[in-house]
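In: sharing a sequence plus its predicted fold:
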Amino acid sequence: MPGGRLTQQERQQIALGLADGLAYAEIARRLDRPTSTITREVMRNGGPTAYRADLAHRATEHRTHRRKQAAPQGAEPPPQAHGRDAEAVREYEEVFTTVLMASGMPKMMARVLTCLTLTDAGSLTASELVQRLQVSPASVSKAMAFLDSQGLVRRERDERRRERYVVDDDVWYQAMIASARSNDQLVETARQGIGILGADTPAANRLENIARFLDFVAESITRAAEQAREILHTKAKTSGTS
């Protein structure tokens with residue numbers, strides 16, 4: 001199976017495969033590449049619906065050039081825990097960040113959440129985030145305020161009284177509950193409009209449908225999240241005591 005960077009011709013074959021509706025695994029088989037290589041390539045270059053071979057090739061060259069400029073001469077990448085491949089970890093960070101961005105999360109927030117999620121401790125200080133991401137303290141502060149408001153992170157003090165940002169194992173449960181609760185204000189506002197616009201008018205009916213839909217979805221999400229959390233946590237405890 002060939003290694004090294006994807007060629008421009010291979011990227012064109014990826015674009016053609018995506019246009020034909022082929023799965024990543026099938027595209028990888030045709031190019032004799034690992035499926036993970038194709039997945040990373042597509043997700044960090046716009047996703048399956050926006051992937052363009054020429055743009056992806058230029059973007060990769062730009063990233064490579066930028067990394068060479070940023071790296072000090074003779075500098076070695078820091079050693080990875082558990083014998084991990086540093087380059088593979090870096091590429092996976094890009095993919096994870098891209099997927100979060102594709103879901104609607106702003107870039108800096110996605111980078112910070114990825115950084116926290118992929119640390120074994122699940123927590124970092126603001127200064128550690130600044131150093132790892134090579135961004136300003138203000139950028140980290142803004143990102144953390146957003147993630148905190150979405151229920152994706154929490155703050156705590158360590159033994160040195162430094163504020164640490166923590167991502168819990170059930171972070172997506174917390175985020176889903178926060179998202180469901182955020183609909184409450186929209187539901188209430190929609191129903192206020194019914195009285196203002198006049199009951200049984202087309203606009204009022206539209207608002208009522210919006211309110212009912214969001215009510216139903218929020219209740220379903222909350223119920224499913226609660227059930228999934230209970231089941232998964234039970235499984236984790238059971239497997240840990242066996």
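Out: It's in. Numbering: from 1, shown residues only.
In: figure out the helix or strand that the most centrally placed residue in the chain lives in.
Out: Most central in the chain under Cα atoms, centre = their mean is Leu100, positioned 2.3 Å from the mean C-alpha point. Here Leu100, judged by DSSP states H and E, is contained in helix 86-102.
In: elements contacting the helix or strand just after that helix?
Out: Using DSSP H and E, the helix or strand that follows helix 86-102 towards the C-terminus is helix 107-117. Applying 3 or more Cβ pairs under 8 Å, 6 or more residues apart in numbering; DSSP states H and E, one finds that helix 107-117 contacts helix 86-102, strand 123-125, helix 126-133, helix 137-149, strand 163-166. To be clear about C-beta, it is placed using only N, CA and C from the backbone, and glycine gets the same treatment.
In: turn those into a markdown table, columns for mean pLDDT and distance to Gly21.
Out: As requested, the helices and strands packed on helix 107-117 are exported to a markdown table (pLDDT from 0 to 100; distance: least, Cβ to Cβ, whole Å):
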| stretch | mean pLDDT | distance to Gly21 |
| --- | --- | --- |
| helix 86-102 | 81 | 19 |
| strand 123-125 | 91 | 40 |
| helix 126-133 | 91 | 36 |
| helix 137-149 | 91 | 35 |
| strand 163-166 | 89 | 41 |
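In: can you list those in TSV and add distance to Ala15?
Out: Shown next, in TSV, are the helices and strands packed on helix 107-117 (distance: least, Cβ to Cβ, whole Å):
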stretch	distance to Ala15
helix 86-102	17
strand 123-125	37
helix 126-133	31
helix 137-149	32
strand 163-166	38
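In: surely the residue nearest to the centre of the chain meets Thr114?
Out: Yes: contact between Leu100 and Thr114 holds when scored by Cβ atoms under 8 Å: they sit 6.6 Å apart.
In: mutual contacts of the two, please.
Out: When contacts are counted by Cβ atoms under 8 Å, 6 or more residues apart in numbering, Leu100 and Thr114 have no shared neighbour.
In: next one: Glu226 from Asp168, what distance?
Out: Between Glu226 and Asp168 the computed distance is 16 Å (Cβ to Cβ, to the nearest Å).
In: now do the nearest residue to Ala211 once chain neighbours are set aside: how many residues are near it, please.
Out: Residue nearest to Ala211 in three dimensions, not counting chain neighbours: Ala190, with 4.2 Å by Cβ to Cβ, 6 or more residues apart in numbering. Using other Cβ atoms under 10 Å, Ala190 is surrounded by 21 other residues.
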